[in-house]
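Student: predicted coordinates and the sequence they were generated for:
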Amino acid sequence: MATNNIRYICNPNRGIELVFCENSTISYPTHNHISVFTIGIVLDGSILLTTDHKVTFYEKNQTFMIYPYMPHSISAQNSYTLLSLCINKNIAAHYSTDKIRSSIMALLMSALNTERINQYQILHLLNCLNSITNYTNWHSESQNPFINHLKKQLELYPENKFCIEEMAQNAFISKYHFIRCFKAEVGLTPHQFQLQNRIRKAQRLIHNTKTITEVAFELLTNLLIRKCHKIS
């Protein structure tokens, strides 16, 4: 039976967090992270990471980097423990490089103090971080303004119904060409991207509310409000 024990150490004011996925046997299908740059390190076991049609085998103490919007999947080879350092892509606009590094070090020291990571593994993560010279280059906007706008709408309002035919007409291209263009820019088809964001929004709401009924009610309310705005 698959297990997935996930724990977090975070600094919400800095948009940085450590995610520990402990003793997991779960594989993750192709997806992307819309707002975070990720440095991962395998603490135990091994995984297969697929990015841009490249498959790489990672074992204990090996690190990898995943950029925002980069499609990727993780295949479990056995039970593994994975640590991910997740950094919001927008923090460079609000904080200096020194403050970002200081916040990262504070989180890593918290993990060290709880014996969740050792000094050797911290050095591995910092070496990866040092290889990134410019935080603003973590993600560049699409050259297509329509896809940029649609991408943001799907991120903010994934519960809305977006018709592929209508989106393609608004972009003045065929439906199939639109799907190819969107996937080339985002890494997923519009339908896949919308489903991913629906799940993530529901997860955030479940985390912040008491019951699943409240989550369903809020999503439905948001959908009705958006429809009323369109009608008016």
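Tutor: Good, I have the coordinates.
Student: drop to CA atoms for contacts and neighbour counts, all remaining ones
Tutor: Fine.
Student: and Ile91, how far from Val186?
Tutor: 21 Å (CA to CA, to the nearest Å).
Student: again with Asn197
Tutor: 13 Å.
Student: show the pLDDT at the residue sitting nearest the centre point of the chain.
Tutor: The chain has His33 as the residue nearest its centroid, 2.2 Å off, counting by CA atoms, centre = their mean. At His33, the model reports a pLDDT of 81.
Student: quick one: neighbours of the closest residue to Gly15 other than its chain neighbours, just the number.
Tutor: Take Gly15 and drop its neighbours on the chain: the residue closest to it by CA to CA, 6 or more residues apart in numbering is Asn88, 5.2 Å away. Residues lying near Asn88 (other CA atoms under 10 Å) number 19.
Student: begin at 38, not 1, for the rest of this chat.
Tutor: Noted, 38 is the first residue going forward, which turns the last one into Asn125.
Student: how about the contacts made by Asn125?
Tutor: 52-53, 72-74 (CA atoms under 8 Å, 6 or more residues apart in numbering).
Student: which parts of the protein are helices?
Tutor: Counting by DSSP state H, the chain has these helices, from start to end: 134-150, 156-167, 182-193, 201-207, 212-223, 227-245, 249-268.
Student: buried residues, the third one. List them.
Tutor: For helix 182-193, the neighbour count (16 or more other CA atoms under 10 Å) marks 184, 188, 191-192 as buried.
Student: could you dump those residues to a markdown table with pLDDT?
Tutor: Shown next, in a markdown table, are the buried residues of helix 182-193 (pLDDT from 0 to 100):
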| residue | pLDDT |
| --- | --- |
| Ile184 | 80 |
| Lys188 | 81 |
| Leu191 | 82 |
| Glu192 | 79 |
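Student: domain map for the chain?
Tutor: Taking automatic domain parsing as the criterion, the chain consists of the domains 42-175, 182-268.
Student: would you single out the least confident of these?
Tutor: domain 182-268 (a mean of 72).
Student: ok, back up a step: nearest to Asn48, out of the helices of the chain?
Tutor: helix 134-150 (7.5 Å; CA to CA).
Student: quick one: list the elements packing against the closest one.
Tutor: strand 42-48, strand 53-61 (3 or more CA pairs under 8 Å, 6 or more residues apart in numbering; DSSP states H and E).
Student: next up, the contacts around the nearest residue to Ala205 once chain neighbours are set aside.
Tutor: Excluding its sequence neighbours, the residue lying closest to Ala205 (CA to CA, 6+ apart) is Lys212, at 5.1 Å. Counting by CA under 8 Å, 6+ apart, Lys212 makes contact with 201-202, 205-206.
Student: as TSV, those residues with distance to Pro105 would be great.
Tutor: Converted to TSV, the contacts of Lys212 look like this (distance: CA to CA, whole Å):
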residue	distance to Pro105
Ile201	24
Glu202	27
Ala205	25
Gln206	28
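Student: drop anything exposed from the residues you listed.
Tutor: Here, 16+ other CA under 10 Å leaves 201, 205 buried among the contacts of Lys212.
Student: ok so, going back, out of the domains of the chain, which is the most enclosed?
Tutor: For those, average neighbour numbers computed from mean count of other CA atoms under 10 Å are highest in domain 42-175, which has a mean of 17.
Student: how about the helices of the chain, which one is nearest Tyr106?
Tutor: The nearest among the helices of the chain, by CA to CA, is helix 212-223 at 5.9 Å.
Student: would you confirm that Gln158 contacts Asp81?
Tutor: No. If you go by CA atoms under 8 Å, Gln158 and Asp81 don't touch, sitting 11.4 Å apart.
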